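Enquirer: Coordinates for the following, if possible.
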Amino acid sequence: MGIFSFFSKEKKETLDKGLEKTKESVFSKIARAVAGKSKVDDDVLDNLEEILITSDVGVETTLKIIKRIEERVAKDKYVGTSELQNLLREEIASLLAENHKEGVEGFIVPENKKPYVIMVVGVNGVGKTTTIGKLAYQFKKAGNKVVLGAADTFRAAAIEQLDIWGDRTGVPVIKQKMGSDPASVAFDTVSSAVATNADVVIIDTAGRLHNKVNLMNELSKIRKVMSRVIPDAPHEVLLVLDGSTGQNAFEQAKQFTAATEVNALAITKLDGTAKGGVVIGISDQFKTPVKYIGLGEGMEDLQIFDNREFVDSLFGEK
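Expert: Got it, this is the predicted structure:
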């Protein structure tokens, strides 16, 4: 029990540190918004609305949160400003809980889905290949046999970068030369995974967004060829977003969810940014669970997202 408690505490400390700037930014603004006020009135709510929007929670999600707080204030007749933080905490926790199943722990492969195929999508520069490397490390550490597929054949650097992560984690990388058909690489990867009895397959894909039709066609083709080998592959389409880009992350989520059936999100680079509110907005707006969050450069710094831990780190332990 002791070792598990240690790792749990270590991860919590990483999360607390990663969200520090967001926490400081949001709560210093709230403190200024309620200064001299004894109760939550329209002025306080207007200020709170502005704070959430400028913290990259997003307009629609912000309006939803404000409406819920307004209803509670109206119901309770008098709500002191000292209670505002708790109200906000409860409503954000409620929103996140709506899109997240409880009890997701560790890098576990479903028993009836082996090999478990993850297709990773996202624009260049968001930390996509790094996230794949960290996923490979975590799945392997959990005792799984992992295979990577370098299906981003548009950039030689992408293949090289995945190769480096493969060497670092001791995981094989299936690749072809630059400019090869990405679907062919994906087909070879899942075929190899089946032949070698692998547990997890992670497929990198090109991060181009300049032509949504081409992107959609390419991703559809990759899905189709993988399903010839494993009928229900891919099991997970993981969209990687850079949390430090704020509203740009919303736009990327919109483009990729339109182009393919994204069913999980990874939000990277949350450490060192005050834009952690983007996790709340994206989770709410796209009704897609945030599965992983990136909180640093180390291989251990990709965490399974836990909405309760996230809220505790953002607001402090109750």
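Enquirer: OK, contacts around Lys145?
Expert: When contacts are counted by Cβ atoms under 8 Å, 6 or more residues apart in numbering, Lys145 touches Thr196, Asn197, Ala198, Asp199, Val200. Backbone N, C-alpha and C define where each C-beta goes, glycine included.
Enquirer: Low-confidence ranges, the protein, go.
Expert: Per-residue confidence for the chain (pLDDT under 70) gives these ranges: 1-8, 78, 101-106, 209-212, 317-318.
Enquirer: tell me the SS of the residue nearest to the spatial centre of it?
Expert: Centroid-nearest residue in the chain: Ala266, 2.2 Å away (criterion: Cα atoms, centre = their mean). When classified by DSSP: H, G, I helix; E, B strand; the rest coil, Ala266 comes out as strand.
Enquirer: Leaving out sequence neighbours, find the closest residue to it.
Expert: In space, and not counting its chain neighbours, Ala266 is closest to Tyr292: 4.0 Å by Cβ to Cβ, 6 or more residues apart in numbering.
Enquirer: Leu162: what's it in contact with?
Expert: So Leu162 contacts Thr129, Ile132, Gly133, Leu148, Ala150, Asp152, Val173, Lys175, Asp204 (Cβ under 8 Å, 6+ apart).
Enquirer: wait, I meant Lys269
Expert: Shown in contact with Lys269 (Cβ under 8 Å, 6+ apart): Val126, Gly127, Asp242, Gly243, Ser244, Gly294.
Enquirer: ok, so of the residues you listed, who is nearest Glu218?
Expert: Glu218 has its nearest neighbour among those in Val126, at 17.7 Å by Cβ to Cβ.
Enquirer: Is that closest one in a helix, a strand, or coil?
Expert: Secondary structure, three-state DSSP: Val126 is coil.
Enquirer: beta partners of the closest residue to it other than its chain neighbours?
Expert: Computed as Cβ to Cβ, 6+ apart, the closest residue to Val126 that is not its neighbour in sequence is Asp242, at 4.1 Å. Taking DSSP bridges as the rule, Asp242 bridges to Thr268.
Enquirer: what's near enough to touch Asp242?
Expert: Contacts for Asp242 (Cβ under 8 Å, 6+ apart) come out as Gly125, Val126, Gly127, Asn248, Ala249, Ile267, Thr268, Lys269.
Enquirer: cool, Glu300 as well?
Expert: Thr14.
Enquirer: same thing but 10 Å
Expert: With contacts defined as Cβ atoms under 10 Å, 6 or more residues apart in numbering, Glu300 is in contact with Phe7, Glu10, Lys11, Thr14, Lys134, Tyr137, Gln138, Lys141.
Enquirer: which one of the residues you listed has the most neighbours?
Expert: The member of the contacts of Glu300 that has the most neighbours, counting by other Cβ atoms under 10 Å, is Lys134 with 25 neighbours.
Enquirer: Can you tell me the closest non-neighbouring residue to that one?
Expert: Spatial nearest neighbour of Lys134, excluding adjacent residues (Cβ to Cβ, 6+ apart): Leu302 at 3.9 Å.
Enquirer: Go ahead and report the secondary structure state at Val237.
Expert: strand.
Enquirer: in the stretch 151-300 of the chain, which spans are helices?
Expert: With DSSP state H, counting those that start in this stretch, the ranges of helices along the stretch 151-300 of the chain come out as 156-169, 182-195, 212-229, 247-259, 278-286.
Enquirer: Run the chain-centre distance for the shortest one.
Expert: Centre-to-centre, helix 278-286 and its host chain are 10 Å apart (Cα atoms, centre = their mean, to the nearest Å).
Enquirer: for that helix, packing partners?
Expert: Counting contacts by 3 or more Cβ pairs under 10 Å, 6 or more residues apart in numbering; DSSP states H and E, helix 278-286 packs against helix 42-54, helix 59-76, helix 84-98, strand 236-242, helix 247-259, strand 264-268, strand 290-294, helix 307-315.
Enquirer: Give the buried residues for the fifth one.
Expert: In other words, helix 247-259. Applying a neighbour-count criterion of 16 or more other Cβ atoms under 10 Å, one finds Ala249, Phe250, Gln252, Ala253, Gln255, Phe256, Thr257, Ala259 buried in helix 247-259.
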